[in-house]
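Visitor: For reference, the sequence and a predicted model appear below.
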Amino acid sequence: MTPLKIKPIQASIFIGAAIGIATAVKAPDYASGSLAFIGGLFGGAAMASNSEREKVQSRERATRVASCFSTLYEKNNGVIDPVELSFLSNIPVQESHDFLSTIAETNGGQKISIKGGVGVVFSYPHTMNALDTLSKNAAAWAEAQTQQLNNQLQQHKQAIQLMQAQQAAATIQQKPDPWTTSEKL
């Protein structure tokens, strides 16, 4: 069973009502002091309630920004636009930019200017970027090796075809031509 949680404003109303009724019945001359005390109690309760609400909003905002950041990080392979993060997480662009700058400083990210200095994006180390680079380099190396071998293979094929043609020509020259022989019937 969930324990009963009483908010500060609810407790203030209950305590204020009890003090107000007791003062009005027992000592009506001190009612003004009692009301001042109740007003202070309400003010303190409102401040505590506001503080709690701000903490909850701050936690929700941090969760939202972190979630959007991780989604964009994976989707874009480590490249994040502060405007996109701002829009998706519902925070001001300047806050988004400051957040990304701080993360870039602590995690080895880079600030990259785009569109002739109109905007910036942040690039952070990402495993897919490293894997893509390694894959491209390996493919280029393999292509270079394969191209060299293909060139050699093509040369060998041409040499074999030339030899086969020479051999066929030599074989044809050694056989007597049945149409040109002068045998008489």
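Guide: Nice, I can see it.
Visitor: quick one: the residue nearest the centre of the chain from S113, how far?
Guide: By CA atoms, centre = their mean, the mean C-alpha position of the chain lies nearest to Y73, the distance being 1.0 Å. The gap separating Y73 from S113 is 20 Å, by CB to CB, to the nearest Å. For every residue, glycine as well, the C-beta is placed using N, CA and C.
Visitor: Q94: neighbour count?
Guide: Counted with other CB atoms under 10 Å, residues neighbouring Q94 total 10.
Visitor: again with S12
Guide: S12, neighbours per other CB under 10 Å, totals 21.
Visitor: Tell me where the chain has helices.
Guide: Listed in chain order, the helices found in the chain under DSSP state H are 8-26, 31-75, 82-89, 93-107, 127-174.
Visitor: Columns distance to V121 and mean pLDDT on top of these, output as CSV?
Guide: Below are these laid out as CSV (distance: least, CB to CB, whole Å; pLDDT from 0 to 100):
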stretch, distance to V121, mean pLDDT
helix 8-26, 45, 80
helix 31-75, 10, 85
helix 82-89, 8, 88
helix 93-107, 9, 87
helix 127-174, 14, 78
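Visitor: Need those in CSV (columns: distance to V120).
Guide: Shown next, in CSV, are these (distance: least, CB to CB, whole Å):
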stretch, distance to V120
helix 8-26, 44
helix 31-75, 15
helix 82-89, 7
helix 93-107, 8
helix 127-174, 18
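Visitor: which of those helices is buried the deepest?
Guide: Stretch with highest mean neighbour count among the helices of the chain: helix 82-89 (a mean of 18; mean count of other CB atoms under 10 Å).
Visitor: Now tell me what touches that one from outside.
Guide: Contacts with helix 82-89, where a contact means CB atoms under 8 Å, 6 or more residues apart in numbering, come from 61, 64-65, 67-69, 71-72, 91-93, 95-97, 99-100, 119-122.
Visitor: do the same with stretch 28-43
Guide: For stretch 28-43, using CB under 8 Å, 6+ apart, the contacting residues are 9, 12-13, 15-16, 19-20, 23-24.
Visitor: Name the nearest of those relative to K55.
Guide: Checking the contacts of stretch 28-43 against K55 by CB to CB gives I9 as the nearest, at 15.8 Å.
Visitor: quick one: contacts for the closest residue to the closest one other than its chain neighbours?
Guide: Nearest residue to I9 in three dimensions, chain neighbours excluded: A45, at 4.5 Å (CB to CB, 6 or more residues apart in numbering). Neighbouring residues of A45 by CB under 8 Å, 6+ apart: 8-9, 11-12.
Visitor: ok, now how distant is A36 from A17?
Guide: 15 Å.
Visitor: right, and Y124 touches I103 too?
Guide: Yes - with contacts counted by CB atoms under 8 Å, Y124 reaches I103, the gap being 7.2 Å.
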